[in-house]
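> sequence and computational prediction follow.
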Amino acid sequence: VRAKEDVADGLKFTFESSDDVLDKLLDFIKSERLCCDFLSFQLSVVDDNAVMEITGPKGTKEFLEHEVGF
């Protein structure tokens, strides 16, 4: 994780945009959406950064900090 930022209803993470990291981010999204259908994921790639924003209902930020450990 290059950076973590609070957003209104969740968190935004910045990573390097290598193929390996993008594969891991997609695997993470695929597995998390099965168990946590209340989360919304947005993944974008800009220059050498992959940015993943995870949002959801009230308490999402705290849930992610506990579950993901960031």
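Noted; the coordinates are in hand. Numbers count the residues shown, from 1 in each chain.

> low pLDDT regions in the protein?
70 (pLDDT under 70).

> all strands of it, in order?
3-7, 10-16, 40-46, 49-55 (DSSP state E).

> what packs against the second one?
The reference is to strand 10-16. Here strand 10-16 touches strand 3-7, strand 49-55, helix 60-68, going by 3 or more C-beta pairs under 8 Å, 6 or more residues apart in numbering; DSSP states H and E. Just so you know, the C-beta spots here come from the backbone N, C-alpha and C atoms, and that holds for glycine as well.

> gap between the closest residue to residue 58 other than its chain neighbours and residue 51?
For residue 58, ignoring the flanking residues on the chain, the nearest one in space by C-beta to C-beta, 6 or more residues apart in numbering is residue 9 at 7.7 Å. Remark: distance between residue 9 and residue 51 (C-beta to C-beta, to the nearest Å) = 16 Å.

> more neighbours: those two, which one.
residue 51 (18 against 15; other C-beta atoms under 10 Å).

> hmm, the more buried one is touching residue 11, no?
No - the criterion here is C-beta atoms under 8 Å, and residue 51 misses it with residue 11 at 11.2 Å.

> which residues are in contact with residue 22?
When contacts are counted by C-beta atoms under 8 Å, 6 or more residues apart in numbering, residue 22 touches 45, 50.

> distance check, it against residue 65.
Relative to residue 65, and taking C-beta to C-beta, residue 22 is found at 23 Å.

> now do residue 38 against residue 58, distance only.
Taking C-beta to C-beta, one finds residue 38 at 11 Å from residue 58.

> who has more neighbours out of the two?
When residue 38 and residue 58 are compared for neighbours, residue 38 comes out ahead with 12 against 8, by other C-beta under 10 Å.

> burial measure for the spatially closest residue to the more buried one that is not a sequence neighbour, as a count.
Closest residue to residue 38 apart from its sequence neighbours, by C-beta to C-beta, 6+ apart: residue 56 at 5.0 Å. Counted with other C-beta under 10 Å, residues neighbouring residue 56 total 17.
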